[in-house]
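Trainee: Sequence first, then the predicted structure, then my questions.
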Amino acid sequence: MDNFMGKLKKAADQAADMVGDAYDAGKLKLKVETETKELKKAYAELGKLYYEKAKDTELPDDVKDIVATVTDKLKVLDELKAQIEKAKED
């Protein structure tokens with residue numbers, strides 16, 4: 001009977017270790033996701049700042065193309081938002 005109880009305790013301890021490891025891994029994954037979101041936010045802020053400073057300056061062609069694309073997309077978004085407001089009024 002003692003042998004059975006010993007095996008049962010050992011199995012319970014192993015299961016608890018596995019749960020603890022899974023919990024720790026889950027916490028780490030959450031931290032990775034949080035850091036990734038913060039990094040993306042920082043990249044976006046950097047991009048906006050760079051865009052505002054770069055849009056009226058002489059730039060290399062590859063950067064100029066990206067700035068032009070951003071400018072075009074901002075215009076499209078403004079037009080779409082205006083259409084939405086107009087649709088709300090109708």
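Mentor: Looks like it came in fine.

Trainee: do you know how far the most centrally placed residue in the chain is from Asp24?
Mentor: Taking Cα atoms, centre = their mean as the criterion, Lys37 is the residue nearest the geometric centre of the chain, at 3.3 Å. From Lys37 across to Asp24, the span is 21 Å (Cβ to Cβ, to the nearest Å). Just so you know, the C-beta spots here come from the backbone N, C-alpha and C atoms, and that holds for glycine as well.

Trainee: Ok, Gly47 next?
Mentor: Applying Cβ to Cβ to Gly47 and Asp24 gives a distance of 35 Å.

Trainee: Please say which of the two ends up with more neighbours.
Mentor: Neighbours per residue (other Cβ atoms under 10 Å) separate Gly47 from Asp24, with Gly47 holding more: 13 against 10.

Trainee: Over the strand or helix carrying that one, what's the mean pLDDT, rounded is fine.
Mentor: For Gly47, the host element (DSSP states H and E) is helix 2-54. Here helix 2-54 scores 83 as its mean pLDDT.
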